[in-house]
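In: Curious how this folds, go ahead:
(one chain, ligands or ions: 1)
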Amino acid sequence: MLHYKKEKELILEEFSVDPNTGLSPKQVINQREVYGENKLPEEAEDPYWKVFLKNFKEPIVIVLLGAVVLSFLSSYYAFQIQNDPKHGVEALYEAIAILILILINACLGFWQEISARKSLNALKEMNNRQTTVLRDGQWQKIVATELVVGDIVRAQVGDFVEADVRWIEANELQVIESHLTGEADAIQKTTEVITETVEVGDRINMGFSGSTVSNGQGIGVVVGVGKDTELGNIAQLIQSVGSKKSPLQNTVSQLTKTLMLISGGIVVLTFIVGIIRAGEFSIDSITSVLSTSIALAVASIPDALPAVLSIVLTIGAAKMAKNKGLIKSLTSVETLGGTSYICSDKTGTLTKNEMTVVKFTANGTSYDVTGLGYAPKGSIKVLSDQKTNAQPFLYGAVLCNEATVKEVDGDYKPFGNPTEVALTVLGQKANVRKNDLLENETIIRTLPFTSDRKMMSVVIQNQDGYMLYTKGAPDVVLNQSQGVLVADKIDTRDHAKQQFNQTVEEYAEKALRTLAVAYRPLTKEQAMEASVEELEQELILTGVAGIIDPAREEVKESIKVLHEANVEVVMITGDHEKTARAIAYELGIVNDKQAPVIKGVELEEMTDDELFEKVKTTNVYARVSPEHKQRIVKQLQAHGEVVAMTGDGVNDAPALRVADIGIAMGIAGTEVTKDSADLILLDDKFTTIEKSVQSGRTIYGNIKNFMRHELTTNVAEVLSLLIGLFFFTHTIGNVPGSTPVLTALMVLWVNMVSDAVPSFSLGYDVAESDIMKEQPRDPKESVLANYTWSRVLIRGTVMGLVVFAAFYLAAKAGMSSNEAQTVAFLTLVYGQLWHVFDARSSKTLFRRNPFGNPRLLLAVGFAAISSFLVTIIPFFNTVMGTAPLTLPIYMMVIFIPALPTFVLSGIKEVFGIKIW
Ligand code: ATP
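Out: Below you'll find the predicted structure:
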């Protein structure tokens, strides 16, 4: 029989679970064995061998493999037909060397994919959803996938229902099940048994995996987990951590494709020119020319670029997570770097969320309260001349309240909503405790707090009848009230309300958070039947509390840093306008004590166009509801801003989705907001947003730097080779005309070793010192915009000319072909090793400490020494076509190629020319 048709007691009995203690650890193990885990089947990851082999499907590798085949053929031809063992051995070595490079490339690709997968899995794990379960008599938070059939779970506003459950308790519980039914409205849940057969959407005593709780709270017993849930039936995979490609990765793969086409052109061109110059059209000339031209063309592609890019992005994301900013997709790393607006809520993010009542007015009398923190220590001092009975206010404050404060080893620990904790502590200071009151009164209904209503109420029954206690934002409660209790009399005159409002404003101007308390006598029928709206009206105000919620110290500094970085900070809060402005002023969000504040009601009356006009000059929004946040984000985006927005409540999820970077609180945030966020602050601190923006900018800057460096090398290589082919048609000195400026293996060496290794360490560079002093990046701008291309082309061209000139002069001086090629090779290697120090600055070489990145120094040292070694070790001489040089020549090829970099940077520094 279906679960919704069964009495709840029957289900509890079926799973042998006591609803007061939950399952025992032994039962949990047993149930998991019988019913399985609470996991939906995931797409299996590719096994390691498949990941490794995938690298051989890359177009670059296929072309290189073509070159290997041709080299083998050429070697065979030389040995067997031409009887030319020297050429045969050379061709054989070339084939083997290219094969080794293909293998190294595959290993690099494999390592990159595996480490990216590991980091992403680690991020995924950190992002596992939590749920509240009763086990062994204790309510505890566990990872949702650990739920088993028979578990007793509790879900409240902002939680996901993590398995299929039969509700056994429901308090104003409303749930959204649109993922199953398509119905966007919340559905009220009950615990009553249903006798007829009904569709999923009408099974109102059941909760389904993946639904969100939009109101109230419920307790349920799990009846289905994993693939046995309704969600499992439709096999919808919910994957929170995406590994989709970022725009930057798309740009790079596009760029690589374009460059491959260009190199295709070069292959054909080199081939034709080679054949013409060889002067004959024989198999021999075709094989030798073709293998060289293919290898050259492929080597001109920045092969290491995609691998380096994805490693840098993933490692960047992992680093950010270590700094408490958990990012959910690589795209966000880039977007963060371009953030120009941060909209943050106040309570808990900008303030400490450690609340204490320091003032209150009750029954017409004002009081000051001493003693900060949660200990019930402190005095309550009357400020007015006459003292009235504060009980109506205090009773409401502690009864309409779900928080508790417990003493643990002399320490007072708060449990529950901080605003309510503050009222509980006030009650204790005044000797009014909820548990004592409950001896004579019973709470028969609780209408939970929502950010939309900004109120919370309870319905009480006692020997005198029924009563409603409400607490909430004073302006909202005032709107719903008929009068104010002053000296035990209900004053319904406007004057009394004005007086009350004045007190509220006085508190707010002192940056205090305000909360009003009210009551209303009810009839039995009202108490039992009336809706929330019907109940929360005709209230009688008993008083208002002024609560201090200190600003977080470190936020001030973060806001200063962000302002310097030209990132605007906006406060969007549900709190009172004056409290909001006072705190915004204290934190430096606004510089004017009278800065404009837009209130939620005003927003409602504004058209989108009017808001568009005001949105750039407003930094504080008060008394807003979650729906307003979306409008603010959209209007900022209409101005072309990249908006990051924080949120913690369930209703904030849509705004987080609209924002370019949705930010959720890792500790206080609801599971639903975390799910819609791009960045989760693991420590709930505003400062983490600032740090993440900085990381985003650093990573983006580093990527730009290494791309510039890699591409410059490619331009230099292609150019020097092309000049060699087109203009060098006759013998110079001892070097015959058919000699290329660089051998194919020299180019491969540069691309895969002497250039790739330092480039890679550029990806790990520390931030440039002024990175947080610049304008945010234009999100539409390509990574290659802003003089990147011109820098690449100009520097690449100069370097290409220098390499060719070195080759030419060496030949002219009477060196052998191999020696001249080695001179060209080392000129390129060392020239680029100097250039790398310039590439790591968005400005010039002179603006950065060359010792700031130890990894880079190591990489440069390695590249410099290994490139020297391949010119003196005989094996490499044969394979790569290098030759040992004399000491003066070595000195020249090390230092002379520094000139282009120093001269160009020098001119740039002096004249401020951006184009190079
Ligand atoms: P922020 O939006 O910056 O987090 P906030 O906490 O003030 O600030 P909300 O949670 O929407 O925003 O609260 C809005 C108002 O509702 C508060 O200013 C307070 O007056 C009132 N309020 C907050 N918590 C409760 C509660 N538990 N019961 C009744 N009223 C509350």
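In: Go ahead and confirm residue 75 touches residue 96.
Out: No. Using CB atoms under 8 Å, residue 75 is not in contact with residue 96; the gap is 9.8 Å. Where C-beta positions appear, they are placed from N, C-alpha and C, glycine not excepted.
In: Would you mark the buried spots in stretch 775-786?
Out: Across stretch 775-786, burial judged by 16 or more other CB atoms under 10 Å covers 776, 777, 779, 783, 784.
In: Kindly report the same for stretch 661-673.
Out: 661, 662, 663, 664, 665, 666, 668, 669, 670, 671, 672, 673.
In: For the ligand, what is the nearest residue in this structure?
Out: Nearest to the ligand in the chain, going by CB to the nearest ligand atom, is residue 574, at a distance of 2.4 Å.
In: That residue and residue 625 touch, don't they?
Out: Yes. With contact defined as CB under 8 Å, residue 574 counts as touching residue 625 (7.4 Å).
In: Please identify the residues of the stretch 351-500 of the chain in proximity to the ligand?
Out: Proximity of the stretch 351-500 of the chain to the ligand, by CB under 6 Å from any ligand atom, involves residues 417, 419, 420, 449, 451, 454, 455, 456, 471, 472, 473.
In: of residue 75 and residue 96, who's got more company?
Out: Under the neighbour definition other CB atoms under 10 Å, residue 75 and residue 96 were set side by side, and residue 75 has more, 24 against 15.
In: which parts of the host helix or strand of that one are buried?
Out: Following DSSP states H and E, the helix or strand that holds residue 75 is helix 59-76. Residues 60, 61, 63, 64, 67, 68, 70, 71, 72, 73, 74, 75 are the ones in helix 59-76 that count as buried (16+ other CB under 10 Å).
In: Repeat that for stretch 260-275.
Out: 260, 263, 266, 267, 270, 271, 273, 274, 275.
In: ok, now stretch 187-206?
Out: Buried-residue list, stretch 187-206, by 16+ other CB under 10 Å: 187, 189, 191, 194, 203, 204, 205, 206.
In: neighbouring contacts of that stretch?
Out: The contact list for stretch 187-206 (CB atoms under 8 Å, 6 or more residues apart in numbering) reads 2-8, 164-170, 173-177, 180-181, 183, 207-208, 218, 223, 230.
In: Enumerate every residue touching residue 891.
Out: Taking CB under 8 Å, 6+ apart as the definition, residue 891 has no contacts.
In: same check, this time on the one 5 residues further on
Out: With contact set as CB under 8 Å, 6+ apart, residue 896 has these partners: 802, 806, 827.
In: Run through the residues of this structure sitting next to the ligand.
Out: By CB under 6 Å from any ligand atom, the part of the chain that sits against the ligand consists of 345-347, 417, 419-420, 449, 451, 454-456, 471-473, 513, 515, 573-575.
In: Just the buried subset of the residues you listed, please.
Out: Looks like those have 345-347, 417, 419-420, 449, 451, 454-456, 471-473, 513, 515, 573-575 buried, using 16+ other CB under 10 Å.
In: for residue 131, helix, strand, or coil?
Out: Here residue 131 is recorded as strand under DSSP: H, G, I helix; E, B strand; the rest coil.
In: what's the pLDDT at the closest residue to residue 404 other than its chain neighbours?
Out: With CB to CB, 6 or more residues apart in numbering as the criterion, residue 404 has its nearest non-adjacent residue at 4.9 Å, and that residue is residue 415. pLDDT recorded at residue 415 is 85.
In: Start at 69, not 1
Out: All set: I'll call the first residue 69, so the last point we hit is now residue 483.
In: burial count for residue 483?
Out: By the measure other CB under 10 Å, the count of residues near residue 483 is 12.
In: Do I have it right that it meets residue 471?
Out: Yes. With contact defined as CB under 8 Å, residue 483 counts as touching residue 471 (6.3 Å).
In: shared neighbours, these two?
Out: With CB under 8 Å, 6+ apart, residue 483 and residue 471 have common neighbours residue 489.
In: which residues does the residue nearest the centre of the chain form a beta bridge with?
Out: For the chain, the residue nearest the mean C-alpha position is residue 395 (2.6 Å; CA atoms, centre = their mean). When assigned by DSSP bridges, residue 395 has beta-bridge partners residue 747.
In: Distance check, it against residue 842.
Out: 21 Å (CB to CB, to the nearest Å).
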